[in-house]
Structures are given as structure tokens and as C-alpha cells.
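**Student:** Generate coordinates for the sequence data below:
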Amino acid sequence: MQLATERWRGRSLPLMVKRLMDLTVGSMALLAALPVLAVAAIAIVCADRGSPFYAQERVGLHGRRFRMFKLRTMVHGAHDRRAEVRHLNELDGPVFKIKNDPRLHPLGAFLRRTSIDELPNLFNVLRGEMSLVGPRPPLPEEVDHYDAFAMRRLSVPPGITGLWQISGRCNVSFDEWMRMDNEYVDTWTPAGDLKILLRTIPAVLRREGAH
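**Tutor:** Coordinates of the predicted model:
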């Protein structure tokens, strides 16, 4: 991970372009998303009483932890029930994902398939904790099981979208996921980020691997 970190530190101008893109595109995207967020938040409250938003601890750049904002897709107390549904996990590696998770509230599956639940990530982008493009920020318990190859993904800012999201998401094995994130670490450019952003739109519309 050290070599990857040094490679990024030596690219101050491209990183400034990346941050400028995050601020400009992120701000416009958030403004456009506000009506959708408002409707979704009201719908969640009606479907499952309680706050429509939640913040989950994630691991970001160089292992720093932060609170990632999302729309709530599960019923209250879902995290406490994780042990009882662990046998339903459909992904390999140190990650946990269930397509038809029984802990989802009535709107949860729709919010996930459409990626609407991730729109509050834009607040993290504006706060500088995430980028528009980069590896998805993992949970601390996932990082505890990372090997050196997987740890390299923490040498770059985490993102809302990336190669994994436009390449099948949950239909991709853990090893292939880590390979794509490492490819991003080694080949990143501002132009490459723009291409991933443009490819994200049809990927979201196809809903392939989104659950």
C-alpha cells in the first residue's frame, strides 16, 4: 500500500482536479437529487416509522474512519439480527450481502435496486470524506480480514461509484472486485473518473447486481 500511497501523493495537480470535480459535480448532483431525497425520506417514514437517514461507520483514505450517510433501507434493529441471517450471505470474502434480505423494510429493496439509498453519500463527498469515483468504503470488520492486496484500496479516496459498480457489483466475486479496485489505484486519471461517471448512469438504470 505504501507504493500506491506515494504514487498518489506525487500527483498534486490531478488530485486538485479530482477535488474540484467532486465539489462542482457533487454540488450539482445534490441539488438535482434533493427532490428525490425528500420524497424518499417521507416514503420511508410512512413505511417504517423512524428516521429515514442513518450514518454508518466506514473506513476511508489511509484507514481513517468516518460516518457515511445513507437512506435507511432496513427495519430498526437490523444490525442486531445480522447473526441470524449470516447463513444467507451470497458473496464470498469478508463482505456481507443478501439479495432478498428479510431485514429490509417495504421500500428497502426498491431503494437499493435504484441506488437511491446512496444519494446521501453526496454529503460525504462535499465534506471531503469521499470522492465521486473510487473504491467503495468498507466496514471496519471487513478491513480486519483484508490481506495486503485488498488493503491497497485504502490508499485512495473512497467513492460513490467505481469500476466495481459499473461492472456488475454484487455479481462480481470478491477477488475480482479487489482486482478492479487495485486497477483503479494504479491507473487513475481525471479523464478516467469522468468515463466512470458517465458509465454509472446506464449501470444504475440496468440495476445489474444492485441489491
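**Student:** Quick one: residues contacting M74.
**Tutor:** Counting by CB atoms under 8 Å, 6 or more residues apart in numbering, M74 touches 101, 103-105, 108. Just so you know, the C-beta spots here come from the backbone N, C-alpha and C atoms, and that holds for glycine as well.
**Student:** how near is the nearest residue to it once chain neighbours are set aside to N121?
**Tutor:** Nearest residue to M74 in three dimensions, chain neighbours excluded: R103, at 4.7 Å (CB to CB, 6 or more residues apart in numbering). R103 is 21 Å from N121, where distance means CB to CB, to the nearest Å.
**Student:** Which one's more surrounded, the two?
**Tutor:** The neighbour count for R103 versus N121, taken as other CB atoms under 10 Å, is higher for N121 (24 against 18).
**Student:** Look up which helix or strand the residue sitting nearest the centre point of the chain falls in, please.
**Tutor:** With distances taken as CA atoms, centre = their mean, the chain has R136 as the residue nearest its mean C-alpha position (4.0 Å). Assessed by DSSP states H and E, R136 sits outside every helix and strand.
**Student:** And V45, by the same measure?
**Tutor:** Assigned by DSSP H and E, V45 belongs to helix 12-47.
**Student:** Flag every buried residue along that helix.
**Tutor:** Using 16 or more other CB atoms under 10 Å as the test for burial, helix 12-47 gives 15, 18, 21-22, 25-26, 29-30, 37, 40-41, 43-44.
**Student:** How about stretch 95-106?
**Tutor:** Buried residues in stretch 95-106 (16+ other CB under 10 Å): 95-96, 98, 101, 103-105.
**Student:** ditto for stretch 122-140
**Tutor:** Neighbour-count burial for stretch 122-140 [16+ other CB under 10 Å]: 122-125, 129-138.
**Student:** of those residues, closest to V185?
**Tutor:** When the buried residues of stretch 122-140 are ranked by distance to V185 (CB to CB), P135 comes first, at 7.9 Å.
**Student:** got a pLDDT number for the closest one?
**Tutor:** At P135, the pLDDT value in this model is 96.
**Student:** my guess is it contacts R153, does it?
**Tutor:** Yes. Between P135 and R153 there is a contact under CB atoms under 8 Å: 4.2 Å.
**Student:** what do those two both touch?
**Tutor:** Shared contacts of P135 and R153 (CB under 8 Å, 6+ apart): 181, 185.
**Student:** and which of the buried residues of stretch 95-106 is nearest M180?
**Tutor:** V95 (14.0 Å).
**Student:** In this structure, what residue spans correspond to strands?
**Tutor:** Ranges of strands within the chain are 53-59, 65-71, 131-133, 159-161, based on DSSP state E.
**Student:** which of those strands is buried the deepest?
**Tutor:** Highest mean neighbour count among those (mean count of other CB atoms under 10 Å): strand 131-133, with a mean of 26.
**Student:** For P157, which non-adjacent residue is closest in space?
**Tutor:** Closest to P157 by CB to CB, 6+ apart is S131, at 4.2 Å.
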